[in-house]
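# Next come a sequence and a model predicted from it.
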Amino acid sequence: MDGESKPAAEPLERAHALPARFYRGEEVLERERACVFGRSWQLVAHAGELQAAGDHVVSEVGRTPVLVVRGEDGVLRAFPNVCRHRAGPLAWCSGKGARVLRCKYHGWTYGLEGSLRAAPEMEAARDFDPGSVHLPRLALREWEGLVFVALHEDVPDFDAVYGGIVERIHPLALGALRFQARTTYEVACNWKVYVDNFLEGYHLPYVHPGLSRVLDYRAYETHLSRWYSLQHSPLRSAGAGVYGDGEAYYYFVYPNVMLNILPGRMQTNRILPLGPERCRVEFDYYYAPGELTPERIQGDQAFSDEIQAEDIRICEAVQKGLASGAYVPGRLNPRRESGVWHFHQLLRAAYATCTDVAPAP
């Protein structure tokens, strides 16, 4: 991606959508894996998965396999899930109570704190000192029961990224919510198409008839912060049977985390690229203990599935439109699409400043 192919920044009142070429092709995606996903805080787990020593979660950030494990000392640590010998995996999948991290390729064995303890049959290797071998440690932060890692030292301060959210949604305590279920969707669109769609309520009356009866479109507002945007709406009385009374807060935290915060519950969405024109959405449900009946929880998830099906249909159609050759970037609606503009501005900055990453061959 050379200088001429970087999308020009525009003020909101004059802004256009990104050109179609930024939603297609391996070169753009490879640069995003390094410059967007590799240089941001990435949601990889929730605290309920990592309660006891040896509990571990495997994930992936960009193209880097990641392993998060709780040590014997109670400390959470994150490492590349890559052995220092010949790049084998230290764990195939998430699990509980591991005593050590043993490479699945040649059996090199590490303590939960990342130091090499055993390397089978290496006696003939001259000047080989197992005590000098350690897994590189990744930056890790736990926030309100969610666990994040960062691959690169050049990431924003975590508190600057997530600051202000807890205060805004008080008295709901996110850290007191309990994980209940995960639903995964695979969508035939570029990951940014899905994010763009989340970032505006402009499509509500046309795509989501059920949700439009719950949210007050006339009072629907978008607020921009440095690293996130918030879409906020009061809940109509029609939503009492689905969401209850109160307000809906839809946070997008750059580059790929969504927090849907509603009375007594939260849904997190993590958007992961699977290819230039395919992504995976991991949709996790959290509830305040004892606040919602099983029937309400079941209804909540069924309603969410309905909304997701509507979003998937339109996102996949948009991807086809972007690939058609017939699309010229249109003007953004300053009132309804400021969140889209904000996201694109952050992408433009990432494309422009990540100069030490070479374009994909």
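Looks like it came in fine. Numbers count the residues shown, from 1 in each chain.
# Which segments of the chain make up each domain?
Following automatic domain parsing, one finds the domains of the chain at 3-39+170-353, 42-143.
# Including distance to Glu153, mean pLDDT and mean neighbour count, could those domains go into CSV?
Bear in mind the C-beta positions are built from the backbone N, C-alpha and C, glycine included. Below are the domains of the chain laid out as CSV (distance: least, Cβ to Cβ, whole Å; pLDDT from 0 to 100; neighbours: other Cβ atoms under 10 Å):
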stretch, distance to Glu153, mean pLDDT, mean neighbour count
domain 3-39+170-353, 9, 94, 17
domain 42-143, 7, 97, 16
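# Please tabulate these in JSON lines, including the columns distance to Val149.
Below are these laid out as JSON lines (distance: least, Cβ to Cβ, whole Å):
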{"stretch": "domain 3-39+170-353", "distance to Val149": "11"}
{"stretch": "domain 42-143", "distance to Val149": "4"}
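# Would you tell me which of those gets closest to Val161?
Nearest to Val161, of all the domains of the chain, is domain 3-39+170-353, at 4.4 Å by Cβ to Cβ.
# Go through the domains of the chain and name the closest to Gly164.
Nearest to Gly164, of all the domains of the chain, is domain 3-39+170-353, at 6.5 Å by Cβ to Cβ.
# which residue sits farthest out from the middle of this protein?
Ala124 (45.3 Å; Cα atoms, centre = their mean).
# what about it, which SS state?
Classification of Ala124 using DSSP: H, G, I helix; E, B strand; the rest coil returns coil.
# quick one: the helices in the stretch 101-250 of the chain?
Residue ranges of the helices in the stretch 101-250 of the chain, as given by DSSP state H, counting those that start in this stretch, are 158-162, 165-169, 191-198, 204-207, 209-212.
# Let me see the contact set for the closest residue to Leu292 other than its chain neighbours.
Using Cβ to Cβ, 6 or more residues apart in numbering and skipping the chain neighbours, the partner closest in space to Leu292 is Gly264 (5.6 Å). Contact analysis of Gly264 by Cβ atoms under 8 Å, 6 or more residues apart in numbering lists 172, 244, 287-288, 291-292.
# Now do the phi/psi pair for Pro276.
In this entry, Pro276 is assigned phi and psi values of phi -60, psi -30 (degrees, to the nearest 10).
# which ones are touching it?
Per Cβ under 8 Å, 6+ apart, neighbours of Pro276: 23-26, 28-29, 190.
# try 7 Å
If you count contacts by Cβ atoms under 7 Å, 6 or more residues apart in numbering, Pro276 has them with 24-26, 29, 190.
# Could you do Tyr105 as well?
Applying Cβ under 7 Å, 6+ apart to Tyr105 gives the contacts 83, 86, 88.
# With distance to Glu337 and secondary structure as extra columns, can I get those in JSON lines?
Shown next, in JSON lines, are the contacts of Tyr105 (distance: Cβ to Cβ, whole Å; DSSP: H, G, I helix; E, B strand; the rest coil):
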{"residue": "Cys83", "distance to Glu337": "46", "secondary structure": "coil"}
{"residue": "Arg86", "distance to Glu337": "48", "secondary structure": "coil"}
{"residue": "Gly88", "distance to Glu337": "46", "secondary structure": "coil"}
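# I'd say Glu337 and Phe198 touch.
No: counting by Cβ atoms under 7 Å, Glu337 does not reach Phe198; the two are 11.8 Å apart.
# isn't Leu146 right up against Leu43?
Yes: Leu146 lies in contact with Leu43 (Cβ under 7 Å); the separation is 5.9 Å.
# Please tell me how far His170 sits from Ile261.
Using Cβ to Cβ, to the nearest Å, His170 is found at 11 Å from Ile261.
# which stretches of the stretch 251-361 of the chain form strands?
For the stretch 251-361 of the chain, the strands defined by DSSP state E, counting those that start in this stretch cover 257-262, 265-275, 278-287.
# by how many degrees do the first one and strand 278-287 diverge?
Inter-element angle recorded for strand 257-262 and strand 278-287: 40 degrees (by axes from the mean of the first three to the mean of the last three Cα atoms, to 10 degrees).
# Strand 257-262 pairs with which strands, parallel or anti?
strand 247-253 (antiparallel), strand 265-275 (antiparallel) (DSSP bridges).
# Could you tell me the angle between it and helix 191-198?
If you take the same axes, to 10 degrees, strand 257-262 sits at 20 degrees to helix 191-198.
# Convert strand 257-262 to CSV, retaining C-alpha atoms only.
Taking C-alpha atoms only, strand 257-262 is exported to CSV below (Å, rounded to 0.1, in the frame of the first residue of the first chain):
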residue,chain,number,x,y,z
VAL,A,257,-14.4,-4.7,19.7
MET,A,258,-18.1,-3.9,20.3
LEU,A,259,-19.8,-3.6,23.7
ASN,A,260,-23.6,-3.7,23.6
ILE,A,261,-24.6,-2.6,27.1
LEU,A,262,-28.3,-2.9,28.1
